[in-house]
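In: coords below, sequence missing:
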């Protein structure tokens, strides 16, 4: 169950990162509210998952989901540039997440 909660926390990290971009430096009300709410939920779920999962594993997976998710949203929704180097970097992050899960320390 901790892994499911951690994945959901990572998805909320993607949400708040995207909303932060949309808030234009917290100058737009609703995107700013979504950013803050997403942060609170994401951190709370991360904290809950850390009751069971080791710190290094939980934090690495959480940030990895957020980083790769923000990259994908940036490219697909915001039209940010894509290059082979950026794709390789995302693949390496995902590979690290898979290895963390396979390490099986919790």
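Out: Cool, got the structure. Source: prediction; values computed, not measured.

In: Which strands and helices lie in contact with the host helix or strand of residue 92?
Out: According to DSSP states H and E, residue 92 maps onto helix 84-103. Judged by 3 or more C-beta pairs under 8 Å, 6 or more residues apart in numbering; DSSP states H and E, helix 84-103 is in contact with helix 55-76. From N, CA and C alone the C-beta is placed, and that goes for glycine too.

In: quick one: secondary structure of the most far-flung residue of the chain relative to its centre?
Out: Using C-alpha atoms, centre = their mean, the residue of the chain lying farthest from its centre is residue 27. It sits 23.0 Å away. Following DSSP: H, G, I helix; E, B strand; the rest coil, the label given to residue 27 is coil.

In: switch to numbering from 47
Out: Yes, from this point I'll number from 47; that puts the last item at residue 73.

In: related to what we said a few turns ago, per-residue confidence averaged over the helix holding residue 138?
Out: If you average the pLDDT over helix 130-149, you get 90.

In: How about residue 87, nearest residue that isn't a chain neighbour?
Out: Closest residue to residue 87 apart from its sequence neighbours, by C-beta to C-beta, 6 or more residues apart in numbering: residue 58 at 4.9 Å.

In: Lovely, talk soon.
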